[in-house]
Structures are given as structure tokens and as C-alpha cells.
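**Q** I'll drop the sequence and a predicted model, then ask my questions.
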Amino acid sequence: MKKLLLSGTMLLSFLCAFGQKSDDSALLKKLVDKQILTQQEADQIAQEDNKQSQPASFTQKVDKVRDAFNTPYMKFGGYGMLLYKYSDVSNVKHDFEPRVVFLNMGGQLTNTIGYFVMAELVDPLLHELYLDWTPTKAFNIRAGQFKVPFSFENQISLTNLETVVYSRTISSLVSMSDDVMKLQNNKNNGGRDIGIQASGSLFPTGNHDLLQYSMGVFQGSGITTREQNNTKDFAGTLTVQPIKGLRVGAGGYFGQATYSNDGGITTSDHVRNRWGISSDYQTDRLTARAEWFKANDGGIDREGVYGSLMYYLIPKKFNAVGKVDYFNKDKNINSEVMDYTLGLNYYFFPQCRFQLNYTYSDYSNKWGAENSNVVQAQLQIVF
């Protein structure tokens, strides 16, 4: 008897659902016949009903979970990276480690005021903390700790960078792990500093803005580090976009860094100036970028230039990248190196990918290092 009741209930539910769909179709047909709806409008309504009746995809379910935890006032996110590295010149040739784990929070306090906070957990450190005031697209004020407005590549997050690591030119000349700024606070500053900047986009021309600017005054001591002298640094970039996707910019960074360049005997202020030209071109499948910089670090002339090209073999899923990077850390003696990098990126979920890079580094005799072959494999998870 129970089986009979259960079967009858299931049959009745099916007939009701089928009947509801049939009634909806009949109603739409009558509305079209009476010229209350056009046939196109009726078809659109039917398509929407079909979409709503279909089960949600995994991505849609993830988005629903995110929406449940996030509001315009407070949004949470982050990313983690696991890195394997092989180097034929290192004492430890094979190394596997958690590279970074970033957690961030941001949101809008009002229609024109927003905030952002980001910290790293593997080597615990606050990387970003700033407040934005944006009364118009043409004018924004940002105050706090954030990336300095210098170099196109420096503005790119690790999660969107085409290669596993930044170019040696950028790492050495834009406040990263190979910059002299690390000598004063012993930190990889990640292209960031504490300061205040103004930025904006001007002269709209159809589907893009012709001119972008960003300039600011910075402490010059690096992230989460107190001031060490009585001077402030200036950084700025002016960018022209003549056609959508093509940008050409020029920028400069002028200031000082406090460190020892005589083996730690004395510490003093040294000039830390950079200037350069940047360009990039981007479409749905192609990204090309090139930058050239010159620098003066305490009387030592440096120069760097790189070019990179990435192309999606399968849109939004699989791409290949190539990069050539030249850096001269002392032009007086030509202490230089060329890095040649080939890489692949496979996205198994939006913003989550597996990266594989091979880099051959060719050093000059004055550099004092062996030519090297390095393989890097990285798993990136964004949440």
C-alpha cells in the first residue's frame, strides 16, 4: 500500500509539473495571438524559464557562496601559490615550498570612498592598506600603502602575471627583491611603498580613454617601515592609449634610499632615481609588453629592458608565453645578464592555474655568476 501511495504521489508531481509547463506555453501562445506579446518576446520568456529550471553549474554555486559572505561594504578574498623550482647551479637543486598566501578585504564605505587591506601569511607582513576617494573617473586620491605608480608590469598582480616571477629588470629597479631598497629594510617590498597619489583617466574617445595619469609622493622606506631620512620620493607615469588595447607610457621615480654600500661599516643616504618608457598591447588572446629603464643608485648607472609575448592557444584556458630580459647592474663595467624564458599556463578554474616556466640565464664575466637553467612549476589558487 505504501509503495502504491508513493508511486501515485510521484506520478501526480510529474503531471503537475508537466501541466504547468504546458499551461505556460499555452498562455504565451494566447498572448501572442491576441497581439499582447510579440513572438520574439514570448520566445525570450520561454528561454528564461528554461534557464531557471536547469540545475546550477559548479561555478554558479561557487558564486552564490561568495555572494553569501560578501557585501558591497565588506568583501573577502585571497590567493595561494605552491612553487617547485629546479636550478642546475644551486646547492639544493630541487625545492618545493608554499610561496605566498595572501588574504585581502575591501569594500565601499560610500559611493565615492573605498578601502583595501591585504596581508601575506607565509612570511607574515602587511602588504597593502589604503583608502580611495573617487569623486569622478578623472580624479582619484589614494592614501596608504600600495604599489607605486611606476612601470606597467609592477601594476600587475602575481595572479595575472604571464610568468611565474617578475622580470629581473622590474625586480631590480621597482622596489622588489633585487632593488637596493631591500638593503634598508631587508624586505621584498613587492613594488610598494607608503604615500599618497592622484590618478585618473581623461578624454573619453568611444570605447576607451585617451589619457591616464598617476603620480604621488612616497616615504621611500618600503612597506611597513618607518621613515629613515627627511626626504620624500616622487613617482609618476603618464600613459596614452591611441587605440583600444594599445598603451604607451613614460614614467619616473626620484628619491633616496638609506643603506650601507661599504660592507656595513657606515650607513648613509644614496640617490635612487629611475626613469623609463613602457608599452603594451592586449586583445582577448594576445598580450605583448615591453619596458626600458635607466637608473642611478648612489652613482652606479644601471639599465634594463625586457619584452614579453603571450598567446592563448585555447581561449581562457591555455596559453604560451615567451620573454627576453636584459639587465645591466653596473654600466661602468658592463655587469650584465640575459634571461630567456618560455612558459605555459593552464587554467583549470577561473583565475586558478598551473604554470610551467623554463629560464636560461646568460651572465657576463663581470657579473660573477654561472650560466643557469631554471625550471619553475607553480600551482595558483584564487578564492
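**A** Sure thing, it's come through.
**Q** quick one, strands of the stretch 101-250 of the chain?
**A** Per DSSP state E, counting those that start in this stretch, the stretch 101-250 of the chain carries strands over the ranges 113-120, 125-136, 139-147, 192-204, 209-218, 233-243, 246-259.
**Q** now these in CSV, with distance to residue 270, mean neighbour count and mean pLDDT?
**A** Just so you know, the C-beta spots here come from the backbone N, C-alpha and C atoms, and that holds for glycine as well. Formatted as CSV, these follow (distance: least, C-beta to C-beta, whole Å; neighbours: other C-beta atoms under 10 Å; pLDDT from 0 to 100):
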stretch, distance to residue 270, mean neighbour count, mean pLDDT
strand 113-120, 28, 17, 98
strand 125-136, 24, 16, 98
strand 139-147, 23, 19, 98
strand 192-204, 16, 18, 97
strand 209-218, 16, 18, 98
strand 233-243, 12, 18, 97
strand 246-259, 6, 19, 96
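**Q** for residue 283, find the nearest of these.
**A** strand 246-259 (9.9 Å; C-beta to C-beta).
**Q** which positions in the helix or strand following that closest one come out as buried?
**A** On the C-terminal side of strand 246-259, the nearest following helix or strand under DSSP states H and E is strand 268-282. Across strand 268-282, burial judged by 16 or more other C-beta atoms under 10 Å covers 269-270, 272, 274, 276, 278-280.
**Q** pairing partners for the following helix or strand past strand 268-282, with directions?
**A** Where DSSP H and E defines the elements, the next helix or strand beyond strand 268-282 is strand 286-297. According to DSSP bridges, strand 286-297 forms sheet pairs with strand 268-282 (antiparallel), strand 300-314 (antiparallel).
**Q** how far is the first one from where the chain is centred?
**A** Which is strand 268-282. Relative to its chain's centre, strand 268-282 lies at 19 Å (C-alpha atoms, centre = their mean, to the nearest Å).
**Q** hey, C-alpha coordinates of it in CSV?
**A** The C-alpha trace of strand 268-282 is given here as CSV (Å, rounded to 0.1, in the frame of the first residue of the first chain):
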residue,chain,number,x,y,z
SER,A,268,74.1,56.9,4.6
ASP,A,269,71.5,58.3,2.1
HIS,A,270,72.0,57.4,-1.6
VAL,A,271,70.3,58.7,-4.7
ARG,A,272,67.8,56.3,-6.0
ASN,A,273,66.5,57.6,-9.3
ARG,A,274,64.8,55.7,-12.2
TRP,A,275,63.1,56.7,-15.5
GLY,A,276,61.8,54.8,-18.4
ILE,A,277,59.3,54.0,-21.2
SER,A,278,56.6,51.4,-21.2
SER,A,279,54.3,49.9,-23.8
ASP,A,280,51.8,47.1,-24.1
TYR,A,281,49.1,45.8,-26.5
GLN,A,282,46.3,43.4,-25.4
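**Q** I'd like the distance between the residue nearest the centre of the chain and residue 260.
**A** Against the mean C-alpha coordinate of the chain, by C-alpha atoms, centre = their mean, the closest residue is residue 157 at 2.1 Å. Distance, residue 157 to residue 260, using C-beta to C-beta, to the nearest Å: 33 Å.
**Q** chain center to stretch 178-189, what's the gap?
**A** Averaged over its C-alpha atoms, stretch 178-189 has a centre that lies 21 Å from its chain's centre (C-alpha atoms, centre = their mean).
**Q** tell me the mean pLDDT for that stretch?
**A** The pLDDT scores in stretch 178-189 average 92.
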